[in-house]
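1. Sequence below, structure please.
(one chain, ligands or ions: 1)
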Amino acid sequence: MTSSTHTRPGSSAPRGDATELLPGSAATWRAEAPEPRVPAALHVDRTRPTGERLRAWRERHRIRGERARRVFAESRAPERGLPVARARRAFAFVGDLVSTRKARAVAMIVLNVGAAIAALVVPRLLGDLVDDAAAGASFTQTDQVLVLVVGVVLVQAVLTAFAKRASATLGYDLLAAAREYVVGTVLRLPLGHVEAASSGDLVTRITSDVSKMSTAVRWSLPALVTSASMVSLTVVALLLNSPLLTLPLIVSGLILFFAVRRYLRNAAPGYITESATYSKINSTITETVEGARTVEALRLHGVRQARLDDDTAESAQAERYTMSLRNLLFMWIDLAFQLPLVLVVLLGTWGYDAGVVTVGQVTTAAIYLQQLVGPLDRLIQVLDHLQVGVAATTRLLGVAELPEDRTPGEALPDGSAMVGRDLRFAYRPDHDVLHGVDVALRPGERLAIVGPSGSGKSTLGRLVAGINRPRTGSVTVGEVDVMDLPLPVLRTQVCLVTQEHHVFMGSLRDNIVLAREGDATDAQVKDALAAVDAGDWLDRLPLGLDTPLGRGRTELTPAQAQQVALARLVIADPHTLVLDEATSLIDPHTARHLEGSMTALLSDRTVVAIAHRLHTAHDADRIAVVIDGRIAELGSHDELLAADGEYAHLWRTWRS
Ligand SMILES: Nc1ncnc2c1ncn2[C@@H]1O[C@H](COP(=O)(O)OP(=O)(O)OP(=O)(O)O)[C@@H](O)[C@H]1O
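-> Next up is the predicted model:
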């Protein structure tokens, strides 16, 4: 009963990698995490005396523990972005998934219990065989027992095969349901929250955490049923065989109980912390890649590298913390596995002398104890994986805990008049960037919003388009609050087009019709592209509307991508458009041309144009000048020039 017989899922690969957690992986529990880059202060100085080293180790352990707990606490703080759900929610979530598949879950349990019982019959028969032989029975007198043993072994093999199949199919089914839930949750995230959260955190959750949850659901849950039923039935079989020879198990049980309890208490925060540090690394890398030009321009390589080093060191600390928890647990497990066999032999020798047990019972008890090691070891492995899985699931479910930013109601707009009243908005608490703005759009008018950079133009546009909920006040369309409209209805009322436009993987047609959920005809799509002056390059595409777009396929120029975004709007056909510097990426000549060609198209709609170039304002019916989060002036080009205020100043500056 040596520890080398246990296969243990180690951390020889990063925990984000699903394969490292698979059963049968070559990695063993002894295999430690890849030696991470650790700050010099954390290295062990082997020249120091053992006592001093031990004290230093304890101190480091304490610091790591404290640091891990701090990162853990920070990772739960709502203002850091995406929240983390309570562990109880993770269990309830899995419980819900299983409860809708009761029949298959019961079948899996029955098959596993059947296989476990069959496995327990054999040692009992072998014990009887030993007793018969000790009583002087000849080999031929025991052949019936041997036939029975072979029969039971065959039955056990068949039951085990079916139990494994049932476990695997249930596991995959649970995983599919869990994945669907996660994807659905992430897709319905309120945009404001997505922007507030770190993209690294979100990416880590939907990649690494999904992978960890998937391992827990697909493998650990079924393995929990298999090993738990095997362990409990073996204990029952040991009791039935001889209560006396079951006593050594109490010693191991106590050791395991306290060791596992301590481990479970510390492991959950430890693993959540570990994941939070991966999110930090991802965020730093993502930011560095996205801001590569700024890094290059400002020679920030050293700063970014130092930051990544800090994140990596913090992650290494978190990994070492969970690793030290595991190592401590394994030490106790080894002791708990070694002791009972020794005690059974000693107790058996005494019991045999005293005439209270037979040699057969001692043999059976020894085989049972040997048989117990595998499932017990697996059970503890499973608990370890479940800890990781629960931590990952709480992070995934945390995403679902974000409050909805809108409550779609039944009321539909009566008309297309849009009114914003007392609009205030803050990205950070107590820092309003809009201070009680009132704005009423006249149906069919073109309102230009101009003002200095950072004055709140885009924020006002986002509120009007129903992207963000104002802190106070409301934006209504036809007397209904835009935040109370279901999204498909909102899209037919008001749309925002910004300078950020994403080209999705898919055909050109797919990229355009998505605003109308697929019911636009090819002719409408072509008309929409023609309306935004994209007819020329459309004709040059060999596959026309079927041309596959996206990275590694046909890549559009920024101007073409912007035209695709505008064509989407044409198809969505809302009565109000908010254009946030929508034509800024196109050169001035093309932009002028594009805006010119869109004039006919925009003529029946209300247009709010957040103006980058003042000629857009010049062409507008009214101009709102936004300064420091307030509308400072409102009127036509001529009226505002005559007023000789901020706009007149801006206009003269731009003209000169
Ligand atoms: N996501 C955000 N998080 C925090 N602050 C933000 C965010 N977006 C904008 N702000 C801040 O809100 C204020 C108003 O920004 P907004 O983008 O609305 O101004 P703007 O007039 O459109 O500026 P620009 O013309 O430069 O685009 C600015 O101080 C800006 O720094």
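2. Just the buried positions in stretch 122-138, please.
-> Using 16 or more other C-beta atoms under 10 Å as the test for burial, stretch 122-138 gives Val122, Pro123, Arg124, Leu125, Leu126, Gly127, Asp128, Leu129, Val130, Asp131, Asp132. Heads up, the C-betas are built off the backbone N, CA and C, glycines and all.
3. Not counting that stretch itself, show me its contacts.
-> With contacts defined as C-beta atoms under 8 Å, 6 or more residues apart in numbering, stretch 122-138 is touched by 141-142, 145-146, 148-149, 152-153, 156, 237, 241, 358-361, 363-364, 367-368, 371.
4. Quick check: mean pLDDT of the host helix or strand of Leu126?
-> Per DSSP states H and E, Leu126 falls inside helix 102-134. For helix 102-134, the mean per-residue pLDDT is 86.
5. Is it possible to mark the buried ones in the contacts of stretch 122-138?
-> Listed as buried from those are 142, 149, 152, 156, 237, 241, 358, 360-361, 363-364, 367-368, 371; burial here means 16+ other C-beta under 10 Å.
6. With pLDDT, distance to Val437 and secondary structure added, can I get the residues you listed in TSV?
-> Output for these, formatted as TSV (pLDDT from 0 to 100; distance: C-beta to C-beta, whole Å; DSSP: H, G, I helix; E, B strand; the rest coil):
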residue	pLDDT	distance to Val437	secondary structure
Thr142	66	95	helix
Val149	84	85	helix
Val152	89	81	helix
Gln156	88	75	helix
Ala237	90	76	helix
Asn241	92	82	helix
Thr358	92	91	coil
Gly360	90	89	helix
Gln361	92	86	helix
Thr363	91	86	helix
Thr364	91	83	helix
Ile367	90	80	helix
Tyr368	89	77	helix
Gln371	85	74	helix
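7. mind putting the residues you listed in a markdown table, distance to the ligand included?
-> Formatted as a markdown table, the buried ones among the contacts of stretch 122-138 follow (distance: C-beta to the nearest ligand atom, whole Å):
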| residue | distance to the ligand |
| --- | --- |
| Thr142 | 81 |
| Val149 | 71 |
| Val152 | 68 |
| Gln156 | 62 |
| Ala237 | 63 |
| Asn241 | 68 |
| Thr358 | 78 |
| Gly360 | 76 |
| Gln361 | 73 |
| Thr363 | 72 |
| Thr364 | 69 |
| Ile367 | 66 |
| Tyr368 | 63 |
| Gln371 | 60 |
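8. Name the residues of stretch 544-558 that come out as buried.
-> Leu545, Thr547, Leu549, Leu556.
9. Not counting it itself, show me its contacts.
-> With C-beta under 8 Å, 6+ apart as the criterion, stretch 544-558 contacts 503-509, 511, 522, 525-526, 538, 541, 564, 585-586.
10. what about that stretch, start to end distance?
-> End-to-end distance for stretch 544-558: 19 Å, by C-alpha to C-alpha, to the nearest Å.
11. and it, how far out from the chain's middle?
-> Chain-centre distance of stretch 544-558: 29 Å, with C-alpha atoms, centre = their mean, to the nearest Å.
12. Over to stretch 303-320?
-> In terms of C-alpha atoms, centre = their mean, the centre of stretch 303-320 is set 21 Å apart from its chain centre.
13. re earlier: I would like a PyMOL command selecting only the buried ones among the contacts of stretch 544-558, please.
-> This is how PyMOL selects the buried members of the contacts of stretch 544-558, with burial counted by 16+ other C-beta under 10 Å:
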select buried, resi 503+507+508+509+511+525+526+538+564+585+586
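14. among the contacts of stretch 544-558, which are in helices?
-> Judged by DSSP state H, helices contain the following of these: Leu508, Arg509, Asn511, Asp522, Val525, Lys526, Leu538, Val564.
15. Which members of the residues you listed are the farthest-apart pair?
-> Longest distance between any two of the ones in helices among the contacts of stretch 544-558 is 15.3 Å, between Asp522 and Val564; criterion C-beta to C-beta.
16. Name the nearest residue to the residue in the stretch 301-450 of the chain that the ligand sits nearest to, sequence neighbours excluded.
-> Nearest residue of the stretch 301-450 of the chain to the ligand (C-beta to the nearest ligand atom) works out as Tyr427 at 3.3 Å. If the residues on either side of it in the chain are set aside, Tyr427 comes closest to Val433, at 6.5 Å by C-beta to C-beta, 6 or more residues apart in numbering.
17. before we move on, what SS does the one you found have?
-> Judged by DSSP: H, G, I helix; E, B strand; the rest coil, the three-state class of Val433 is strand.
18. how close does it get to Ile627?
-> Taken as C-beta to C-beta, to the nearest Å, the spacing of Val433 relative to Ile627 amounts to 12 Å.
19. ditto for Leu372
-> Leu372 sits at a distance of 77 Å from Ile627 (criterion: C-beta to C-beta).
20. what about the two, which has more around it?
-> Taking neighbours as other C-beta atoms under 10 Å, Leu372 and Ile627 compare with Leu372 leading, 23 against 14.
21. and that one, that's in a helix?
-> Yes - per three-state DSSP, Leu372 lies within a helix segment.
22. my guess is it contacts Val231, does it?
-> Yes - counting by C-beta atoms under 8 Å, Val231 is a contact partner of Leu372 at 6.6 Å.
23. Strands of this protein, start to end?
-> Using DSSP state E, the strands of the chain run over residues 418-428, 431-441, 446-450, 472-477, 480-481, 494-497, 506-507, 548-549, 576-580, 606-610, 622-627, 630-635.
24. May I see the ones you listed arranged in TSV, with mean pLDDT as well?
-> Shown next, in TSV, are the strands of the chain (pLDDT from 0 to 100):
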stretch	mean pLDDT
strand 418-428	92
strand 431-441	93
strand 446-450	91
strand 472-477	94
strand 480-481	93
strand 494-497	84
strand 506-507	84
strand 548-549	85
strand 576-580	87
strand 606-610	90
strand 622-627	93
strand 630-635	93
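25. so how far is stretch 505-516 from its chain's centroid?
-> Using C-alpha atoms, centre = their mean, the offset of stretch 505-516 from its chain centre is 27 Å.
26. how long is it end to end?
-> 17 Å.
27. Spatially, what comes nearest to Val494 if we skip its sequence neighbours?
-> Thr576 is the one closest to Val494 (C-beta to C-beta, 6+ apart), at 4.2 Å.
28. quick one: the one you found from Leu386, how far?
-> Taking C-beta to C-beta, one finds Thr576 at 51 Å from Leu386.
29. Likewise for Gly351?
-> Distance from Gly351 to Leu386, counting by C-beta to C-beta: 38 Å.
30. Compare the two (neighbour count), which wins?
-> Leu386 (23 against 19).
31. contacting residues for that one?
-> Counting by C-beta under 8 Å, 6+ apart, Leu386 touches Ala216, Ser220, Leu221, Leu224.
32. Look at the second one and say how many residues are nearby.
-> Around Ser220 sit 25 other residues, with neighbours defined as other C-beta under 10 Å.
33. Would you agree it is in contact with Ala392?
-> No - with contacts counted by C-beta under 8 Å, Ser220 stays clear of Ala392, the gap being 11.3 Å.
34. thinking again about what came up before, identify the farthest-apart pair in the buried ones among the contacts of stretch 122-138.
-> Between any two of the buried ones among the contacts of stretch 122-138, the greatest separation by C-beta to C-beta is 24.8 Å, found for Gln156 and Thr358.
35. now the stretch 101-250 of the chain, which segments are flagged as low pLDDT?
-> Within the stretch 101-250 of the chain, the stretches with pLDDT under 70 are 137-142, 191-200.
36. who are the neighbours in contact with the nearest residue to Gln524 once chain neighbours are set aside?
-> Nearest residue to Gln524 in three dimensions, chain neighbours excluded: Ile571, at 6.5 Å (C-beta to C-beta, 6+ apart). With contact set as C-beta under 8 Å, 6+ apart, Ile571 has these partners: Ile512, Val513, Ala515, Arg516, Ala520, Gln524, Val525, Ala528.
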